[in-house]
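Enquirer: Mind folding the following:
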Amino acid sequence: MAQTRLITDLVELVTPNNDDVLVIVDNTTNPSLSVTKKIKYSSLKEDLQDMIDLFVQEGTGISAVYSDAGNTLTVSVVADTTVQKTIISTGGTDIGTRQELNVIPGAGITLSGADNPSDNRVDITVNTIAVVSGATLAGTGSPISPLGSVTTLGDGTKRLDFRGIKAGSSKISVASGDAGNTISIDVVPSGISINDLDTSAPLAVALGGTNATTASGARANLGAAKAGANSDITELTGLTSPLSVAQGGIGADTALQGLKNLEGLKYVTSVAVAGQSLVVNDTTLVSNEYRGELRGVKAASSKISVTTDGNDVAIEANPDDILSAATQNVSLNNHRITNLATPVGSTDAATRAYVDQVSAGLIVKAAVVAATTSGFTATYLGSPNFTLTISGTDTPIIDDISITATGTSVLIKDQASGLQNGIYTLTTAAASGISPVFTRRVDSNSDSEIIAGTFTFITSGTTNASKQFVQTALAPTLDTDALVYSVLNDATLADGSVENIKMADMPALTVKGAVASGAPQDLTPNQTIGILNSGTTKFGASVLPSATTAASGIVQLYDGIDSVSASTAATANATKIAYDAAIAASGVAATALPVSGGTMTGQLVLDEIKESVYTLAASGTIALDPANGSIQTSVLSGAPTFTDSLETGQTIVLMLENGSSYTVTWPSGTTWASSAGNVAPTLTAKDTVVFWKVSTSLYGAYVGSYV
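Expert: Predicted coordinates for the structure are as follows:
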């Protein structure tokens, strides 16, 4: 084939001869740059290898050998001439690619290595110093191993199972100590009884015992001396100085100095100058030990509380119990009780305002806005509602005052049914579809709050403004009896607006009246006395002497005693004579007690009557002493015994409330003035008895019961 010709079309490939030539163009992109290679078929493989541009250079520790005959290139590492990189992984994750592998032993692991040149290697030995098993050491007796078992785990490691430590009884305590680093085992002395100990053999001396079962054997074993029948050592001799406190002595040669050194108490004493001492006994021998004995501090009653406050004993008064627990009269040393509530019970203390009201026969209620002048058409509901519902829904108008605000107080006094009258407050105001409702005020919704004498003041209204209305029905029952309200005082009446010519012409010290009938006439003194004598319920018949009878110097109170029987006429006359003599001795003119035909009319002389009323004790021995006042009262809670402390000329009016009918013992030697003779009175629930003394004789008279 021409060398300069390019084969462009290989029509047919046939088996070449040995001398045939294959031309290879190695640059098909730019044939002009191609290099023509002659390749003979007979040396085809060699010629192709010659065409490969491969250059292999040997390096440190690397050798390259080309075999032309075998047409091979061998590259190998020269043994022991270089260090190759090793990739280490754990669980499939590479750790690194360093040349050197450094094995670090962990806890409980030791490593050792040795060069093994014969085998061209390093031998590494891995050991463990950890516990891999457990065993109980041999011991005498019957020991209990704390090792319970050795358990082989799934990975081949072993676990030691230890027994826990606990107290077998209350004699031993087991606790964790030293911040959980130790187990403390201790003996609990309180859990061990001496009877639990093994006493079959005495405790040896070396172990702190006596190694004996008798006292003499113990002393012998201990080398102790004995002197006397009941003691071992009675004295020590040869001491040049007292034993010190540290040596078990007192460091002194006197008891006083010894007590001082021992910081002991010789005795306990009270240094207070007054009051109750806390010391009971300064020194007392108890169980062969001296002690000081002190009194405890306790509350004698509920009036005092005693508590501890740290190192102090706190004593406090209970004010609520002080007066309530009183068993005798309580003196306020001429001081007042102030800020009292309005009394409710019969034994409640009363304010001056309340007493002034009662003394005037009145019980004041809070003022109201208006008082009715005519009745309402209404529906009334009694206890416990006490409501008055006005018919219709219009605003109620009372005495030209519109009552619109709830809580407004009014006096409703003109109802057709008088039991509906009373003091009310508006509780429901009138509104569209709603009727106004009045409810009895809380201070006027019980029987005790509507008695005769309760009154209220009217603050506004055309007709009733400035008027005062009083309830005059005696002891009414609420919701049953009519309540009647009358004008007590009308401040609207001007002075001089009422004229009475006949009364205006009345001379001084006269009384106008009608002796029989007709116009009022001036009454003579005897006519006035006659009118008084006709009031037999209090004064009896003809007990006041006529105006012509001389009487001066003594105020005389007639208690209605009719007479004294003739059998006691001598006593009555003796009383009259002794009394007149006592009065005469005082230089005061007196009217003789009228005694006629053995009959004493009951004329009594009372002196030193005081304005105040003195409250006596409720039971026990009660002294009738005029120094406390001439009017004295007692509400009994038990059977009393009255004693006489009167002097000649003194009188006491005793008002006695005996609701439970206790037996009363009167002063010894009392002479009773009564129609039945010298007979003590029979008491009811509330009674008035008068006592008076003439010379050394005490007289008593029953006046009557009171409400």
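
Enquirer: Do you have the strands of the stretch 101-250 of the chain handy? List them.
Expert: For the stretch 101-250 of the chain, the strands defined by DSSP state E, counting those that start in this stretch occupy 109-116, 121-128, 147-152, 158-162, 172-177, 182-187.

Enquirer: and what of the stretch 401-550 of the chain?
Expert: Secondary structure of the stretch 401-550 of the chain (DSSP E, counting those that start in this stretch): strands at 401-402, 409-412, 422-428, 437-440, 454-457, 467-471, 485-490, 511-513, 521-523.

Enquirer: circling back: closest to residue 629 out of the strands of the stretch 101-250 of the chain?
Expert: strand 172-177 (79.0 Å; C-beta to C-beta). The way it works is simple: take the backbone N, C-alpha and C, and place the C-beta from them, glycine included.

Enquirer: follow-up on the earlier one: most packed of the strands of the stretch 401-550 of the chain?
Expert: Looking across these with neighbours counted as mean count of other C-beta atoms under 10 Å, the highest average goes to strand 409-412: a mean of 25.

Enquirer: which one of the strands of the stretch 101-250 of the chain lies closest to residue 61?
Expert: Of all the strands of the stretch 101-250 of the chain, it is strand 121-128 that lies closest to residue 61, at 18.7 Å by C-beta to C-beta.

Enquirer: tell me which strands and helices the closest one is in contact with?
Expert: strand 109-116 (3 or more C-beta pairs under 8 Å, 6 or more residues apart in numbering; DSSP states H and E).

Enquirer: Check which residues of the strand it packs on are buried.
Expert: Using 16 or more other C-beta atoms under 10 Å as the test for burial, strand 109-116 gives no buried residues.

Enquirer: Doesn't residue 314 belong to a strand?
Expert: Yes: under DSSP: H, G, I helix; E, B strand; the rest coil, residue 314 falls within a strand.

Enquirer: Quick check: it touching residue 299?
Expert: No: using C-beta atoms under 8 Å, residue 314 is not in contact with residue 299; the gap is 11.3 Å.

Enquirer: Name the residues contacting each of the two.
Expert: Common neighbours of residue 314 and residue 299, counting by C-beta atoms under 8 Å, 6 or more residues apart in numbering, are residue 306.

Enquirer: quick one: low-confidence parts of the stretch 301-450 of the chain?
Expert: By pLDDT under 70, the weakly predicted segments of the stretch 301-450 of the chain are 344-346, 356-361.

Enquirer: Kindly apply the preceding question to the stretch 501-650 of the chain instead.
Expert: Confidence mapping of the stretch 501-650 of the chain against pLDDT under 70 gives the ranges 501-522, 529, 531-612.

Enquirer: give me that answer again for 50
Expert: Scanning the stretch 501-650 of the chain for pLDDT under 50 picks out the ranges 536-542, 550-611.

Enquirer: tally of neighbours for residue 162?
Expert: By other C-beta atoms under 10 Å, 11 other residues sit near residue 162.

Enquirer: Next: residue 314.
Expert: That count, for residue 314 with other C-beta under 10 Å as the rule, works out to 11.

Enquirer: who are the neighbours in contact with it?
Expert: 306-308.

Enquirer: Pairing partners for it in the sheet, please.
Expert: Residue 314 forms beta bridges with residue 307, as assigned by DSSP bridges.

Enquirer: Figure out which of the strands of the stretch 401-550 of the chain is closest to residue 352.
Expert: Closest among those, using C-beta to C-beta: strand 454-457, at 18.6 Å.

Enquirer: partners of the closest one, with directions?
Expert: When DSSP bridges is applied, strand 454-457 pairs with strand 363-364 (parallel), strand 467-471 (antiparallel).

Enquirer: quick check: angle from the longest one to strand 422-428?
Expert: Inter-element angle recorded for strand 467-471 and strand 422-428: 110 degrees (by axes from the mean of the first three to the mean of the last three C-alpha atoms, to 10 degrees).

Enquirer: can the strands of the stretch 101-250 of the chain go into TSV with extra columns for distance to residue 355?
Expert: Output for the strands of the stretch 101-250 of the chain, formatted as TSV (distance: least, C-beta to C-beta, whole Å):
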stretch	distance to residue 355
strand 109-116	109
strand 121-128	109
strand 147-152	95
strand 158-162	93
strand 172-177	77
strand 182-187	80
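
Enquirer: how about these in TSV, adding distance to residue 350 and mean pLDDT?
Expert: TSV is the format used below for these (distance: least, C-beta to C-beta, whole Å; pLDDT from 0 to 100):
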stretch	distance to residue 350	mean pLDDT
strand 109-116	104	89
strand 121-128	104	88
strand 147-152	90	86
strand 158-162	88	85
strand 172-177	72	88
strand 182-187	75	88
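
Enquirer: Would you tell me which of those gets closest to residue 78?
Expert: Closest among these, using C-beta to C-beta: strand 121-128, at 18.1 Å.

Enquirer: Kindly calculate the angle that that closest one makes with strand 109-116.
Expert: 160 degrees.

Enquirer: Just the residues contacting strand 121-128, thanks.
Expert: Against strand 121-128 from outside (C-beta under 8 Å, 6+ apart): 103, 105, 108-116.

Enquirer: cool, stretch 634-643 as well?
Expert: Outside stretch 634-643, the residues that touch it by C-beta under 8 Å, 6+ apart are 346-347, 615-624, 654-660, 662-668.

Enquirer: Show me which residues of that stretch are buried.
Expert: 634, 636, 640, 642.

Enquirer: Residue 325 versus the second one, what's the distance?
Expert: In this view, residue 636 and residue 325 are 20 Å apart by C-beta to C-beta, to the nearest Å.

Enquirer: Over to residue 65?
Expert: 131 Å.

Enquirer: now do residue 145
Expert: Distance of residue 145 to residue 325, computed by C-beta to C-beta: 75 Å.

Enquirer: cool, and residue 156?
Expert: Per C-beta to C-beta, residue 156 is found 88 Å from residue 325.

Enquirer: Just the terminal-to-terminal distance for stretch 446-459.
Expert: End-to-end distance for stretch 446-459, by C-alpha to C-alpha, to the nearest Å: 24 Å.

Enquirer: what's it in contact with?
Expert: With C-beta under 8 Å, 6+ apart as the test, stretch 446-459 has contacts from 361-371, 411, 422-423, 443-444, 464-478, 483, 488.

Enquirer: Now a PyMOL select for only the buried ones of those.
Expert: Those of the contacts of stretch 446-459 that count as buried under 16+ other C-beta under 10 Å are selected in PyMOL with:
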select buried, resi 362+363+364+365+368+369+370+371+411+422+423+443+444+464+465+467+468+469+470+471+473+476+478+483+488
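
Enquirer: Give me the nearest residue to residue 689, chain neighbours excluded.
Expert: Take residue 689 and drop its neighbours on the chain: the residue closest to it by C-beta to C-beta, 6 or more residues apart in numbering is residue 654, 4.7 Å away.

Enquirer: Could you confirm that neighbour falls within a strand?
Expert: Yes: according to three-state DSSP, the state of residue 654 is that of a strand.

Enquirer: Relative to residue 632, how far out is it?
Expert: Residue 654 is 6 Å from residue 632, by C-beta to C-beta.

Enquirer: So which of the contacts of residue 314 wins on neighbours?
Expert: Busiest of the contacts of residue 314 [other C-beta under 10 Å] is residue 306, holding 13 neighbours.

Enquirer: Quick check: it vs residue 280, distance?
Expert: Residue 306 is 18 Å from residue 280, by C-beta to C-beta.

Enquirer: same thing with residue 371?
Expert: Applying C-beta to C-beta, the value for residue 371 to residue 280 is 74 Å.

Enquirer: Same question for residue 410.
Expert: Distance of residue 410 to residue 280, computed by C-beta to C-beta: 72 Å.

Enquirer: Break this structure into its domains for me.
Expert: For the chain, automatic domain parsing gives the domain ranges 1-56, 352-490, 509-549, 554-707.

Enquirer: what about the residue lying closest to residue 419 once chain neighbours are set aside, how many neighbours?
Expert: Using C-beta to C-beta, 6+ apart and skipping residues adjacent in sequence, the residue nearest residue 419 is residue 482, 5.5 Å away. The local packing of residue 482 (other C-beta under 10 Å) involves 12 other residues.

Enquirer: Thanks a lot, see you next time.
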